[in-house]
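Enquirer: Just to be clear, the model below is a prediction. Sequence and coordinates:
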Amino acid sequence: MNTSTYRIRRPQDVVDLVNEHPALNTSIGIVLIALGGILIDAYQAAMIGFGNKYIAAQFGISQGLAATINASVLVAALIGGLLANRIINSVGQKRAFLIGMGMCTVGAAAVAVTPDIWWLLACRVIMGIGLGIDFPLATSAVAELRGSTSKKSGTSVNLWQMGWYLSTTVVFAVLLTLNSVAIPEAALWRYGIGIGGAFAVLIMILRYVFIGESAMWAARANRFDEACKILKKRHGVDAVVAENITSEAESSVKMHGAYGVLFNKKYRQRTILGCVVATMQAWQYNAVGVYLPLTLAGILAGGLTSALSGSAAVNALCGVTGGAIGSVIVRRFGSRRQSMVGFGLVFLALLILGSFGKENPMLALALLGSIIFFHSAGPGGLGMTIATLSYPPSIRPAGVGFARAIMRTGAIAGLILWPIVWQTYKTDAFYLLSAVPLIGFLTCALIHWEPIGANVDAEDAEVLSEVTAEEK
């Protein structure tokens with residue numbers, strides 16, 4: 001506990017104090033609560049990926065069209081990601097958390113009882129906008145817990161990848177449990193989506209209790225007394241508002257130029273690196289990871305139970321382990337280099353899988369596990385880590401929201417194209433998919449920006465002045 005008393009004269013003072021004094025509680029539990037919306041995103045993506053062929057059969061459409069309808073959540077999330085910065089700056093972190101998760105909860109509950117494909121489409125759009133709002137909010141909240149200058153921020157932010165695979169492992173455990181109690185196979189996805197809505201309610205409650213408001217946002221909104229209370233409660237910092245306080249204009253006005261700043265000379269390469277890493281990892285994951293039961297059903301014998309059990313094992317042993325290892329070693333290797341190595345190993349594994357996967361099912365299972373591991377330990381979480389730690393707080397939600405929005409294009413491509421390509425080419429489809437990690441590898445090799453440990457929050461005042469100048 002710090003015993004000094006600090007005087008707050010401007011918002012940057014609050015930003016500096018947050019970076020110099022990490023939150024009193026930065027345990028894995030608190031970090032995962034902050035990242036809770038991402039866990040719900042993972043759960044619903046895996047559940048709807050499992051349900052794709054059943055949705056097609058129930059509503060009398062092709063699997064390709066069903067995948068396109070399901071991908072509407074990603075288009076909506078792209079829009080939500082672009083709206084996130086404005087919403088967060090307008091209402092603050094606490095209310096934005098409720099808005100994002102609230103939309104996801106309502107959408108999930110409605111999907112579970114959807115009577116037709118148009119109802120499903122509308123519900124997926126509602127869920128997507130909510131998830132799009134939530135993601136930049138979640139990673140920004142985690143960065144604020146640690147302070148962006150600490151290399152531990154990279155570890156904390158990147159834990160979302162381990163959390164993602166924990167969540168997808170829960171999906172297959174839920175499906176196996178439902179299947180064991182004689183729920184009809186065609187209805188499993190409905191029950192699973194509904195259970196995901198209950199998880200979303202739990203996340204909302206935990207966040208409200210343990211995460212709360214952002215001190216940085218409160219300061220930028222000229223709510224300095226509130227910022228001081230948050231600093232005391234969350235960071236153990238005694239701070240008072242000085243008499244000669246320097247207020248800023250309404251943050252909702254000042255942030256109109258945020259997206260332009262992302263592509264100025266200083267931030268352009270950071271934005272490109274974060275977006276490409278995020279997009280390529282999303283493409284490869286939504287092809288291999290989301291449709292893992294579909295892929296395994298075409299390789300392994302044993303029907304639904306075998307496919308679900310294999311998917312759970314791959315996610316738990318390879319995805320969760322890879323995410324945990326990746327979060328620990330990123331402080332040593334850096335996010336760019338680690339992403340590059342991960343992309344390279346996924347590229348090689350896909351080539352081998354295309355060559356030998358058809359002939360040896362167990363080798364294919366091992367290679368799919370290695371792809372999930374190298375993805376999870378490498379670029380899987382690092383696109384968002386790069387985006388989160390490359391920008392100061394005033395444009396961080398914009399940077400993360402933009403990268404997440406662009407990332408959704410890769411997710412859409414993987415989600416829609418993979419069932420079609422797999423149905424046409426079977427294991428030869430892995431050759432085509434190998435182009436995706438190759439693009440990620442080359443981008444990381446050409447752009448050398450490394451955000452881990454960089455003091456980007458010191459750039460906040462400069463960015464705010466630039467946005468102000470643009471507005472004038």
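Expert: Nice, thanks for sending it over.

Enquirer: ok, then the element right after the longest helix anywhere in the chain?
Expert: Longest helix in the chain by number of residues (criterion: DSSP state H): helix 72-111. Going down the chain from helix 72-111, the next helix or strand is helix 117-146, by DSSP states H and E.

Enquirer: just to revisit the earlier point, quick one: buried residues of the longest helix of the chain?
Expert: 72-82, 84-89, 91-93, 96-97, 99-111 (16 or more other C-beta atoms under 10 Å). All C-beta spots, glycine's among them, are computed from the backbone N, C-alpha and C.

Enquirer: try stretch 206-213
Expert: Buried residues in stretch 206-213, defined by neighbour count with 16+ other C-beta under 10 Å: L206, R207, I211, G212, E213.

Enquirer: Now it: average pLDDT?
Expert: Taken as a whole, stretch 206-213 has an average pLDDT of 87.

Enquirer: Other residues contacting it?
Expert: Outside stretch 206-213, the residues that touch it by C-beta atoms under 8 Å, 6 or more residues apart in numbering are 25, 30, 33-34, 36, 92-94, 97-98, 101, 141, 226, 230, 234.

Enquirer: and R7, how many neighbours?
Expert: Using other C-beta atoms under 10 Å, R7 has 13 other residues around it.

Enquirer: what kind of secondary structure is it in?
Expert: Secondary structure for R7, judged by DSSP: H, G, I helix; E, B strand; the rest coil, is strand.

Enquirer: Give the buried residues for the helix or strand encompassing G29.
Expert: Per DSSP H and E, G29 falls inside helix 28-34. Buried positions in helix 28-34, judged by neighbour count with 16+ other C-beta under 10 Å: I30, V31, L32, I33, A34.

Enquirer: Need the three-state assignment for the residue lying closest to the fourth one once chain neighbours are set aside.
Expert: Read that as I33. Leaving aside its sequence neighbours, I33 sits nearest to L206 (C-beta to C-beta, 6 or more residues apart in numbering; 4.7 Å). Look at L206: counting by three-state DSSP, its state is helix.

Enquirer: For L206, give its distance to G36.
Expert: Here the criterion is C-beta to C-beta, to the nearest Å. By it, L206 lies 7 Å from G36.

Enquirer: Might you report the residue contacts of the closest residue to G80 other than its chain neighbours?
Expert: Nearest residue to G80, sequence neighbours excluded (C-beta to C-beta, 6+ apart): G132, at 2.2 Å. G132 makes contact with 76-84, 100, 401, 404-405, 408, according to C-beta under 8 Å, 6+ apart.

Enquirer: helices and strands of the protein: which one has the lowest mean pLDDT?
Expert: helix 251-254 (a mean of 41; mean pLDDT, DSSP states H and E).

Enquirer: The following helix or strand past it: which residues count as buried?
Expert: Going down the chain from helix 251-254, the next helix or strand is helix 258-261, by DSSP H and E. Residues A258, Y259, V261 are the ones in helix 258-261 that count as buried (16+ other C-beta under 10 Å).

Enquirer: So for helix 258-261, mean pLDDT?
Expert: Throughout helix 258-261, pLDDT has a mean value of 79.

Enquirer: I'd like the distance from it to the chain centre, please.
Expert: 21 Å (C-alpha atoms, centre = their mean, to the nearest Å).
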